[in-house]
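In: sequence unknown, structure follows:
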Ligand SMILES: Nc1ncnc2c1ncn2[C@@H]1O[C@H](COP(=O)(O)OP(=O)(O)OP(=O)(O)O)[C@@H](O)[C@H]1O
């Protein structure tokens, strides 16, 4: 396991770019959203895939668009990226239509689930191609260093491992430090060290002022890195907010089991009992109820086995989708 310091050694330089200026608002309007989606509807034939969906992404923010399978995330992102036309509603990126490619594309880095680099190209040629396509200013060698593929520069894409291919995909988001970056399942297939490196790099992109839109099924990554989260379900934005806003609406939990035979004194809190004998207390007053429970256990010399207490996690919020 490498130290934090070791992890920060490799990537050092970032190209001078106008990102900070954009984050501060080139036109003096720092509050202008980078992405503004209003009442977006998307239909596929008779199927209404996205229904009246509205959300905004602010400058410098990391916004995670999460959701159940088939919720409509890809459809929404493809529309915001300019790959798909809205059936109705408006989508603005930097205040412009995403189909205004000349204005929007050079400012946008998109890491797709698969970039589709030609298998015959070398890694260096692929990164050079990104530069030619995006017309952003950077050096191939720097980008190779950032995504840790310097030693593979002369290797063809066909010969890369899955994780190395994913790091090459990430180069599309890194090249020229774009102002807006889409990361679609960025860490799928990456080992823990490459994941850490990727998130370090995303952190530096954000320090340079980049705005990031993330989709992932790794909820702990969204929980750790997102400023705000939009939770989609059935084509709508089911809930939206910071991690604490999303989790505070749900009770914290206390779990424990009791020795057999159970103590003759009743529990001090309402609890439900699972099939395996674990007691579950749901509470909006975690500290107070934990205090009550521990006091009761002390008073009656009861051992609370496997005691666990904690706030609601994002995956609990996720599991609750569709239940209400
Ligand atoms: N080209 C298409 N034609 C018909 N239906 C489509 C098409 N693309 C997507 N859909 C449907 O639209 C819905 C939303 O799909 P989408 O791929 O946007 O969801 P998602 O949230 O990205 O799902 P996942 O997490 O499973 O990738 C799904 O029910 C899907 O079957």
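Out: The structure has been received and is ready for your questions. Just so you know, these numbers come straight off a predicted model, no measurement behind them.

In: C-alpha from now on. contacts and neighbour counts both.
Out: Fine.

In: helix, strand, or coil at residue 56?
Out: When classified by DSSP: H, G, I helix; E, B strand; the rest coil, residue 56 comes out as strand.

In: you'd agree residue 97 is up against residue 91?
Out: Yes: with contacts defined as Cα atoms under 8 Å, residue 97 counts as touching residue 91 at a distance of 6.4 Å.

In: ok, these two, which is more surrounded?
Out: More crowded of residue 97 and residue 91, by other Cα atoms under 10 Å: residue 91, with 26 against 16.

In: could you report the neighbour count for the residue lying closest to the more buried one once chain neighbours are set aside?
Out: Of all residues not flanking residue 91 in the chain, residue 37 sits nearest, at 4.5 Å (Cα to Cα, 6 or more residues apart in numbering). Neighbour count for residue 37, taken as other Cα under 10 Å: 20.

In: residue 92 is in contact with residue 37, correct?
Out: Yes: Residue 37 is within contact range of residue 92, at 6.4 Å (criterion: Cα under 8 Å).

In: tell me the confidence at the residue nearest to residue 91?
Out: For residue 37, the model assigns a pLDDT of 98.

In: pretty sure it sits in a helix.
Out: No: counting by three-state DSSP, residue 37 is not part of a helix but strand.

In: contacting residues around it?
Out: 53, 54, 55, 56, 89, 90, 91, 92 (Cα atoms under 8 Å, 6 or more residues apart in numbering).

In: in CSV: the residues you listed, plus distance to residue 311.
Out: Listed next are the contacts of residue 37 as CSV, based on distance: Cα to Cα, whole Å:
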residue, distance to residue 311
53, 29
54, 29
55, 27
56, 28
89, 37
90, 37
91, 36
92, 37
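
In: select from these the one having the most neighbours.
Out: Going by other Cα under 10 Å, residue 91 tops these with 26 neighbours.

In: that one sits in which helix or strand?
Out: In this assignment (DSSP states H and E), residue 91 forms part of strand 88-93.

In: which non-adjacent residue is nearest residue 234?
Out: Counting by Cα to Cα, 6+ apart, the residue nearest residue 234 is residue 71, at 4.7 Å.

In: wait, a helix at the one you found?
Out: No: using three-state DSSP, the secondary structure at residue 71 is coil, not a helix.

In: per-residue confidence averaged over stretch 162-179?
Out: So the average pLDDT for stretch 162-179 ends up being 94.

In: can you give the distance of it from its chain's centre?
Out: 16 Å (Cα atoms, centre = their mean, to the nearest Å).

In: count the neighbours of the residue in the stretch 101-250 of the chain that the ligand sits nearest to for me.
Out: Using Cα to the nearest ligand atom, residue 235 is the residue of the stretch 101-250 of the chain that sits closest to the ligand, at 6.9 Å. The tally of other residues near residue 235 (other Cα under 10 Å) stands at 22.

In: ok, it - contacts?
Out: 48, 49, 50, 51, 53, 71, 72.

In: of those residues, list those near the ligand.
Out: 49, 71, 72 (Cα under 6 Å from any ligand atom).

In: which helix or strand lies directly C-terminal to the helix or strand where the first one lies?
Out: With elements delineated by DSSP H and E, residue 49 resides in strand 47-57, which encompasses its position. Reading on from strand 47-57 to the C-terminus, the next helix or strand found by DSSP H and E is strand 62-67.

In: so that next one versus strand 47-57, what angle?
Out: 160 degrees (axes from the mean of the first three to the mean of the last three Cα atoms, to 10 degrees).

In: are there helices or strands packed against strand 62-67, and which ones?
Out: helix 73-80, strand 211-215, strand 228-233 (3 or more Cα pairs under 8 Å, 6 or more residues apart in numbering; DSSP states H and E).

In: circling back to that earlier point, neighbour-wise, which of the contacts of residue 235 leads?
Out: Going by other Cα under 10 Å, residue 50 tops the contacts of residue 235 with 25 neighbours.

In: just to revisit the earlier point, per-residue confidence for the residue nearest to residue 234?
Out: 94.

In: what's the answer for residue 115, then?
Out: Reported pLDDT for residue 115: 73.

In: please shift the residue numbers so they start at 59 in all later answers.
Out: In the new count, where the first residue is 59, that last one comes out as residue 173.

In: and it, how many neighbours does it have?
Out: 14.

In: which residue is the nearest non-sequential neighbour of it?
Out: residue 227 (5.7 Å).

In: my guess is residue 316 contacts residue 355. True?
Out: No: using Cα under 8 Å, residue 316 is not in contact with residue 355; the gap is 10.0 Å.
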